[in-house]
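Trainee: how does the following fold in three dimensions:
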Amino acid sequence: MKRLSDDSGSELIRQESLFGRLPLLPSEREYGTLGAHNTCFAYAVATWCFLTGSYVAQLVGAVQGVVCLIAGSLIGIFLTTMSVSLGCQRYGVEQIDFTKPAFGQRGSRLILLFFLINMLGWNGLILTLFGNGIRNIIHAFGYAPPSWIVGAGVALGLAISFAIVTRGVHWLNVSNSIITPGLSALIAFMIYMLITEHGWQEIAAAEPLDPFPNPFVNYMIAVEIGIAGGVGWWGGLGFLARNTRRRRNAVYPILLQMGFSQAIVCSVALFSALVVGSDDPTDWMVPLGGPIMGVLALCFVALANITSSSVSMFASGLALRHIKGFRLLPWSQLMLLTVLPCLPFIIWPQELYKLGDAFLTYNGTLFAPVAGILFVDYFLLRGQKLNLWAIFSDGADAEYHYWRGYNWVALGCVVLGQIVYLLLYNPLTAETTEMFRFLPASVASFGVPAFTYGIVTVLLRRSSRGTPRPTGSAVDPDAAEGRRRVVEPNI
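Mentor: Next up is the predicted model:
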């Protein structure tokens, strides 16, 4: 009987780790090297790549566009991934929990709000593109699709994603191992069809669709779109890294797949937008490859959309565990809560889809300063050492409680980063300043708040006025007690 009780307790802990916020042990993690690459590739290569490529086609030609997309994506994903991926992998913690040492127990909830907005926007955009694909395939077979078909596609995508995420991370791993080879072959075929039909010379000579008068401004905005696309992955990095067994699998697959591979697929959309006039592969694969290839393009890209949406929903569900009223909800009910904010995309899919370019650059204003602060906090101020007990303690004397649960220095630096971004580049009006021609807005909004946070924190430590302290340091006599017990747990 005691053995049964122990086994039941172990299973409860395991379920809380997989569907909750308890740190994952290495033996509980799903992704090895191949699984990490498959998941990152399937997560990255969704139809938002085609959306990004079409935005760049408005500004620059094929050669410049490829350079902007590859350079921008790699810069953005590198700045974003280092602290979150390495920290979440080392300690097995969920992403919002990882922000608590820098932002405070309650301050992290503000980051949670930004995180959920990010997940909502991505899910809505990719599922709207899924619905658009269904509409285009119906049209290719000679039928006039009804106006509601796009919204129905969004609803179908939500239902399939819900079915996957309620069954756990293993289902994601299995589905990604099937989708990735087919999706890779499809992308290669898309490139082949474009070059065969139009030739590289025609693609390279194609003029941008709607550029600004200043060529250098066009180039820098294209780079900024690439960087913002890389930075926009911030929301899903912790979930992926937390489930990897080795540190290198928390970094290299993300850089290669969500940085380089994503940029290559964006380039396919760039080429097609320049020479075909459409970034949607289901538009031009049907006339070039016939209805069968159009259907295959839809199926594989749609499957990638579903896996991307599933990862976003799973990460959102874990993040919702931070809200006290949701901590004890069954996983399926928690997943329903992640579906509800996407329902407006069923009713107004095209209206919300038109805001996609502003949303993409919004990610740069939002997560670049957060990533910069976490980078300085984790690597420079804490030396990659966190107090795991303190992360899960809401007590007023807890190490990461700061001022009533908020580290106002870090939160103020986030606001500073957003101001810096908007001073250089306004994504809604596309207005730029002279400095933007030499410094991308996302890089500035990463670096300025990071430097400011580091300097102010060091000065506050030296003045010993209730400042952030390194875990386990000589000036932290309560740290040992904090490791032994958590008086007010937040889990």
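
Trainee: got any ranges where the stretch 301-450 of the chain has weak pLDDT?
Mentor: Counting by pLDDT under 70, the stretch 301-450 of the chain has low-confidence residues at 301-304, 356-364.

Trainee: where along it do the helices fall?
Mentor: Secondary structure of the stretch 301-450 of the chain (DSSP state H, counting those that start in this stretch): helices at 331-339, 344-347, 349-353, 356-375, 388-391, 408-424, 441-463.

Trainee: next, format those helices as TSV and append distance to Arg246 and mean neighbour count.
Mentor: All C-beta atoms are positioned from the backbone trio N, CA, C, and that covers glycine. Below are the helices of the stretch 301-450 of the chain laid out as TSV (distance: least, CB to CB, whole Å; neighbours: other CB atoms under 10 Å):
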stretch	distance to Arg246	mean neighbour count
helix 331-339	27	18
helix 344-347	37	19
helix 349-353	39	17
helix 356-375	21	25
helix 388-391	20	20
helix 408-424	30	20
helix 441-463	27	20
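
Trainee: do you know which of these lies nearest Leu129?
Mentor: helix 349-353 (7.6 Å; CB to CB).

Trainee: contacts made by the closest one with the rest, please.
Mentor: Helix 349-353 has contacts (CB atoms under 8 Å, 6 or more residues apart in numbering) with Gly124, Leu125, Thr128, Leu129, Gly131, Asn132, Val150, Gly151, Val154, Pro344, Phe345.

Trainee: would you report the backbone torsion angles of Leu329?
Mentor: phi -70, psi 140 (degrees, to the nearest 10).

Trainee: kindly report the same for Ser272.
Mentor: phi -70, psi -40.

Trainee: thinking again about what came up before, of all the helices of the stretch 301-450 of the chain, which one comes closest to Ser27?
Mentor: helix 388-391 (17.4 Å).

Trainee: what helix or strand is the closest residue in space to Val275 that isn't next to it in sequence on?
Mentor: With CB to CB, 6 or more residues apart in numbering as the criterion, Val275 has its nearest non-adjacent residue at 4.8 Å, and that residue is His198. His198 belongs to helix 169-205 when assigned by DSSP states H and E.

Trainee: mean confidence for that helix?
Mentor: For helix 169-205, the mean per-residue pLDDT is 81.

Trainee: quick one: distance of it to the chain centre.
Mentor: 21 Å (CA atoms, centre = their mean, to the nearest Å).

Trainee: next SSE after it?
Mentor: With DSSP H and E, the next secondary element past helix 169-205 is helix 215-231.

Trainee: now that next one: buried residues?
Mentor: Using 16 or more other CB atoms under 10 Å as the test for burial, helix 215-231 gives 217-231.

Trainee: now do Glu108, the pLDDT please.
Mentor: Small correction: residue 108 is Ser, not Glu. Reported pLDDT for Ser108: 92.

Trainee: which residues touch it?
Mentor: So Ser108 contacts Ile96, Asp97, Thr99, Lys100, His322 (CB under 8 Å, 6+ apart).

Trainee: what about it, which SS state?
Mentor: helix (DSSP: H, G, I helix; E, B strand; the rest coil).

Trainee: as TSV, the contacts of Ser108 with neighbour count and secondary structure would be great.
Mentor: Shown next, in TSV, are the contacts of Ser108 (neighbours: other CB atoms under 10 Å; DSSP: H, G, I helix; E, B strand; the rest coil):
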residue	neighbour count	secondary structure
Ile96	22	helix
Asp97	29	helix
Thr99	30	helix
Lys100	30	helix
His322	21	coil
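
Trainee: returning to that earlier point: closest to Ser310 among the buried residues of helix 215-231?
Mentor: Gly229 (20.0 Å).

Trainee: and Phe379, how many residues sit next to it?
Mentor: Residues lying near Phe379 (other CB atoms under 10 Å) number 14.

Trainee: what's the closest non-adjacent residue to it?
Mentor: Nearest to Phe379 is Ser83, by CB to CB, 6+ apart, at 6.4 Å.

Trainee: tell me if I'm right that that neighbour and Ala371 touch.
Mentor: Yes: with contact defined as CB atoms under 8 Å, Ser83 reaches Ala371; the gap is 7.1 Å.

Trainee: pull up the overlap in contacts between the two.
Mentor: With CB under 8 Å, 6+ apart, Ser83 and Ala371 have no common neighbours.

Trainee: please name the residues that touch the residue nearest to Phe379.
Mentor: So Ser83 contacts Ala371, Leu374, Phe375, Asp377, Tyr378, Phe379 (CB under 8 Å, 6+ apart).

Trainee: make it 10 Å
Mentor: 98-99, 102, 237, 370-379, 384 (CB atoms under 10 Å, 6 or more residues apart in numbering).

Trainee: and Arg437, by the same measure?
Mentor: Per CB under 10 Å, 6+ apart, neighbours of Arg437: Asn214, Phe216, Val217, Tyr219, Met220, Leu424.

Trainee: nearest to Val66 among the residues you listed?
Mentor: Tyr219 (12.3 Å).

Trainee: what mean pLDDT does stretch 239-252 get?
Mentor: Mean predicted confidence for stretch 239-252 is 91.

Trainee: state the number of residues packed around the closest residue to Val217 other than its chain neighbours.
Mentor: Nearest residue to Val217 in three dimensions, chain neighbours excluded: Thr432, at 5.8 Å (CB to CB, 6+ apart). Neighbourhood size, Thr432 [other CB under 10 Å]: 19.

Trainee: still on that earlier bit, determine the set of other helices and strands touching the helix holding His198.
Mentor: helix 2-19, helix 33-44, helix 62-91, helix 149-165, helix 234-242, helix 262-275, helix 281-320 (3 or more CB pairs under 10 Å, 6 or more residues apart in numbering; DSSP states H and E).

Trainee: any chance of these in CSV with distance to Leu355 as columns?
Mentor: Supplementary listing: those in CSV, determined by distance: least, CB to CB, whole Å:
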stretch, distance to Leu355
helix 2-19, 32
helix 33-44, 22
helix 62-91, 20
helix 149-165, 15
helix 234-242, 18
helix 262-275, 18
helix 281-320, 18
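
Trainee: quick check: the residue nearest to Val275 vs Ala62, distance?
Mentor: 11 Å (CB to CB, to the nearest Å).

Trainee: now do the closest residue to Met190 other than its chain neighbours, the pLDDT please.
Mentor: Nearest residue to Met190 in three dimensions, chain neighbours excluded: Val268, at 5.2 Å (CB to CB, 6+ apart). You'll see Val268 listed with a pLDDT of 88.
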